[in-house]
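1. The following block contains a protein sequence and its predicted model.
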Amino acid sequence: MTCDGLSYSTQEMMAVAAARVLRDGTSCFVGIGLPSTAANLARRIHAPHLALIYESGAVGARPEHLPLSIGDGVLAETAEAVISVPEVFNYWLQPGRIDIGFLGAAQIDRFANINTTVIGDYAEPKVRLPGAGGAPEIAASCREVFVVVSQNTRTFVEQLDFVTSVGHGTGPGARATLGLRGAGPTKVITDLGVLCPDPDTGELVLTEVHPGVDIDDVRAATGWEVAVAADLRTTPAPSDVELGMLRQLENATGKPSDA
Amino acid sequence: MTCDGLSYSTQEMMAVAAARVLRDGTSCFVGIGLPSTAANLARRIHAPHLALIYESGAVGARPEHLPLSIGDGVLAETAEAVISVPEVFNYWLQPGRIDIGFLGAAQIDRFANINTTVIGDYAEPKVRLPGAGGAPEIAASCREVFVVVSQNTRTFVEQLDFVTSVGHGTGPGARATLGLRGAGPTKVITDLGVLCPDPDTGELVLTEVHPGVDIDDVRAATGWEVAVAADLRTTPAPSDVELGMLRQLENATGKPSDA
Amino acid sequence: MAELVSLGEAVQEAVHDGDTVALEGFTHLIPVAAGREIIRRGLRDLTLVRMTPDIVYDQLIGAGCARKLVFSWGGNPGVGSLHRFRDAVENGWPVPLELEEHSHAGMANRYVAGASGLPFAVLRGYAGTDLPSVTSTIKQVTCPFTGEQLAAVPALNPDVAIVHAQRADRSGNVQLWGLIGVQKEAVLAASRSIVTVEEVVDELTPMPGAVVLPGWALGYVAEVPGGAHPSYAQGYSERDNAHYQSWDAISRDRESFDAWLRQKVFA
Amino acid sequence: MAELVSLGEAVQEAVHDGDTVALEGFTHLIPVAAGREIIRRGLRDLTLVRMTPDIVYDQLIGAGCARKLVFSWGGNPGVGSLHRFRDAVENGWPVPLELEEHSHAGMANRYVAGASGLPFAVLRGYAGTDLPSVTSTIKQVTCPFTGEQLAAVPALNPDVAIVHAQRADRSGNVQLWGLIGVQKEAVLAASRSIVTVEEVVDELTPMPGAVVLPGWALGYVAEVPGGAHPSYAQGYSERDNAHYQSWDAISRDRESFDAWLRQKVFA
């Protein structure tokens, strides 16, 4: 894909879109892969005071290059504070102290509930996925959650095989009934566009498409009849500054072969 | 009082007797005052590998002089590890990891239950004492407890005004019923002698008198009819080494005016 | 995000009549100067929370700032009684003082629950003692796996926590070391926080045993050199044991305490 | 009191068939050499406990040492799947693997409860997820003060905990720094413990961020330089990211894994 001079990939568009939604002066609970890329990109461009908390215990980490794992040495070396893993979850995540949680997904449904546990039956799985990790409590406790996931009919499904992390549950009021105190997923950022929950129904609505993507591309990649916002916008393409910085960050990493 | 050359006070006898019962290679939860004196004396004489844990968070402290408080800087400076106060109680004391707990008392009864809360009625106290501090859980969780207290009819009472810390409760089996996992007080060391609980009744029995003390002195200083062991022994007087080391330790301290 | 302000501004902004206020620091790093600022501003009806109400709370209680004390051990460490505390409890002077008393283990866990966003904490504690009969915030809970009965205590979530630390950087990140007590828990449990520091520096050099509280989790940071005296700040000062001993005489009667208040706090 | 021994002796003394064994280290300081020693000794029917079963558990599972896995996230961090773990779960190869799965918050709190001598821990977790329907060790508990429902998880008290650290002194006091994970909790929760260290030194110089585990609370200490590879020991080595990436190909099929076992473990 090309635009504004430099050509870029859909993965790059997704990373840039994810970086843009991170506001300066907030705190962000960062998982590895795209969330870490997005958070560090934001920190370099428009959010120098974004506090990054890695579940490995690095609080206020300022890595110069992207770590391969959430536990690379560069995180502890550049952190304001290093704390134990129980402390991360108990003192920092659980009380709702962290503004933004980033999550990935193997499956996501129309209410932004997430499966990262298993494809197929739990007892006789077709694909055994890594499991919950920090996700259920990130989804529960961060003030809001951004989900970053490639959009296709394997990931955007009518029915999850397993609910690992709760988005908007079965719709309005579900989170409150469950005692989940954060706002839940407020944005789902994909390689095709951005979806946000409808405040009345809790269901995801397509609010932005990335340059070159049209609504039918999104419909074809979604396992349910996706709602589309009346004022659907087109995401601005990555700027030269964004792309340049993103590539500089990634080139300085032992890049993962897959996430 | 004089013996073996050097003269010594009853307080010194009590400190030396308390030091002697600390075995090398054990761990000891230390409060301030006489327990701290005894523990540091033991460490200097016969128990170089006695691990001292102060509730202020100093684990393995090796002070060169006696601290005035449980939080003097010398404790953190000489400790193997410094930990938070919640960690002291949760990770170290509560699981029964510590061999010996030392406790003082304002009142103690025949089952070595202890009051450090109030003299008189709780709501209208005659004397308001400092309160529980670490004592209830030291009494509950250390593998065994040594109580160090001056013996007189104000301290050795028939009936406590308040149970702050449980010794042997109402007698045999009481600790198990309450779920208290340590053995409770196994020695009560006073300025007159040493008392140990009778294994059958849980009641304190006088097993040692200090040099120059006779049974009637102890009876007169005890608010109940105190049992006396058939094989009552006399404590060896402090040796010159013990007294010399004790005085050296105390001279290096800003000595408390009272404890 | 921490604001660097004066101690006066911090107390004015953060502490109000009737608040629940925790000044923490376990022997080390006690925020004594902040306590005197609270007296100076004439704050009233405070619920004071602290594991070891020592001199700093003897002063606040004697000055009539407190209506209630939540605590686990009230003495002058290594010296003896807190006379103003005793006078309030025994004689209701200058005002009656309601007590809510726990053990250290209970108080520490109440802060931990508060910092963790939980409504209560579980511990092995209080069994067989008279404390549950006088303290309504001690209950029992049953382990859903083993059926064991354990003690439960409610979270402490003070309106304001006040602590002292060695230093802060200009972004309000705070660093403390030595005996670290329960300060992190108290600050994270509270709605608002004040940290007084020995000095504000350009950069927080890493130190063995240091705890760092990120500025974005703090309220107000005020530079108050010597703000822990007669307690101490490891690396900056020694505990003034003589002062602790002299407090015994100052506080022993109402007249000498009032003279101290006039000369040392309100002068 | 810690005994300084060889890794072989430590594993022989501390680990037995059928034991519940926790190897901890959160990305950093993973005791990989100890895992290979367990494989080499042919231990069987282990219940393996670990928040993040990465390469070290992929190896143990592929070698047939484990009957059950207690965990919260099973992947090759930054790379992808753990193929031996998947083969065991999806195909029962080489032996079926029972799973007990939690979230990170749940596992961390299970270790905390274990280290604290409590039978269970309380957290805000799992609500609305399918995890309680597949994991019997997730229940609910009611706050006796507010009536709120919270999640309860039972304590983890492994028979053996194994961790890696930077160094120990000759009395067996252990020092680790950098990302400290859940190692202290795992060691304190376990009945027995093994710590492998990069080196044994005369004195443990204090280090910023260091945790010290006193020797009297430990079982066996073994000097195993590079014992965390391909994980790392801050100050001694870098994470070998290329090795993590190459593990993907080695572990992808049974033959190449068996060849690796023969050449790298049993040779």
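-> Received it, and whenever you're ready, just let me know what you need.

2. list the contacts for residue C:74?
-> By CB atoms under 8 Å, 6 or more residues apart in numbering or on different chains, the contact set of residue C:74 is B:128, B:130-131, C:52-54, C:57, C:82, C:85. In short, each C-beta sits where N, CA and C put it, glycine included.

3. I figured residue A:169 was touching residue D:128, is that so?
-> Yes. In terms of CB atoms under 8 Å, residue A:169 counts as a neighbour of residue D:128; the distance is 5.7 Å.

4. Now the phi/psi pair for residue 144, please.
-> Using chain A. Main-chain dihedrals, residue A:144, degrees, to the nearest 10: phi -150, psi 160.

5. nope, chain C please
-> Main-chain dihedrals, residue C:144, degrees, to the nearest 10: phi -70, psi -10.

6. Now do the same contact list for it.
-> Residue C:144 makes contact with D:120, D:139-141, D:152, according to CB under 8 Å, 6+ apart.

7. overlap in contacts of residue A:169 and residue D:128?
-> Common contacts of residue A:169 and residue D:128 (CB under 8 Å, 6+ apart): A:175, A:178.

8. so where do the helices sit in chain A?
-> A:10-20, A:34-45, A:73-78, A:85-87, A:135-141, A:174-178, A:215-220, A:240-251 (DSSP state H).

9. Spell out the secondary structure type for residue C:48.
-> Secondary structure, DSSP: H, G, I helix; E, B strand; the rest coil: residue C:48 is strand.

10. tally of neighbours for it?
-> 25 (other CB atoms under 10 Å in any protein chain shown).

11. That one against residue C:23, yeah?
-> Yes. With contact defined as CB under 8 Å, residue C:48 reaches residue C:23; the gap is 7.5 Å.

12. quick one: common contacting residues for the two?
-> residue C:57.

13. how about the helices of chain A, which one is nearest residue B:98?
-> helix A:85-87 (21.5 Å; CB to CB).

14. number of nearby residues for the closest residue to residue C:43 other than its chain neighbours?
-> Leaving aside its chain neighbours, residue C:43 sits nearest to residue C:65 (5.4 Å; criterion: CB to CB, 6 or more residues apart in numbering or on different chains). Other residues near residue C:65 come to 24 when the count uses other CB under 10 Å.

15. got it, and residue C:62?
-> 25.

16. The chain: strands as residue ranges?
-> Because you didn't say which chain, this covers chain A. Ranges of strands in chain A, per DSSP state E, are A:27-30, A:51-54, A:58-59, A:81-82, A:100-103, A:107-108, A:114-115, A:118-120, A:125-128, A:144-148, A:185-189, A:193-197, A:204-209, A:227-234.

17. meant chain C, my bad for not saying
-> All strands of chain C, identified by DSSP E, fall at C:3-4, C:20-23, C:46-50, C:66-71, C:98-101, C:120-123, C:139-142, C:149-154, C:160-169, C:174-176, C:192-201, C:211-213, C:220-223.

18. closest to residue A:9 out of those strands?
-> Closest approach to residue A:9 among the strands of chain C (CB to CB): strand C:211-213, 38.4 Å.

19. on that earlier part again, right, so the helices of chain A: which one is the most enclosed?
-> Ranked by mean neighbour count under mean count of other CB atoms under 10 Å in any protein chain shown, the helices of chain A are led by helix A:135-141, which reaches a mean of 29.

20. Pull the distance from that one to the chain's centre.
-> Taking CA atoms, centre = their mean, to the nearest Å, one finds helix A:135-141 lying 12 Å from the centre of the chain it belongs to.

21. same deal with stretch A:236-247?
-> Stretch A:236-247 has its C-alpha centroid displaced from the chain centroid by 19 Å (CA atoms, centre = their mean).

22. Can you pull out the low-pLDDT segments for chain A?
-> A:1-6, A:253-259 (pLDDT under 70).

23. please redo it, this time with the cut-off set to 50
-> Within chain A, the stretches with pLDDT under 50 are A:3, A:255-259.

24. show me what contacts the closest residue to chain D within it?
-> Nearest residue of chain A to chain D: residue A:71, at 2.1 Å (CB to the nearest CB). Residues counted as contacts of residue A:71 (CB under 8 Å, 6+ apart) are A:54, A:56, D:26-28, D:77, D:179, D:239.

25. Just among those, which is most surrounded?
-> residue A:54 (31 neighbours).

26. nearest spatial neighbour of that one, skipping sequence neighbours?
-> residue A:70 (5.0 Å).

27. Around chain B, pick out the residues from the stretch 151-267 of chain C.
-> C:178-182, C:184-185, C:209, C:232, C:234, C:238-239, C:241-242, C:244-245, C:248 (CB under 8 Å from any CB of the partner chain).

28. so which of those residues are also by chain D?
-> Among those, chain D is touched by residue C:209 when using CB under 8 Å from any CB.

29. and the residues of the stretch 151-267 of chain C next to chain B, which of them are in helices?
-> C:184-185, C:241-242, C:244-245, C:248.
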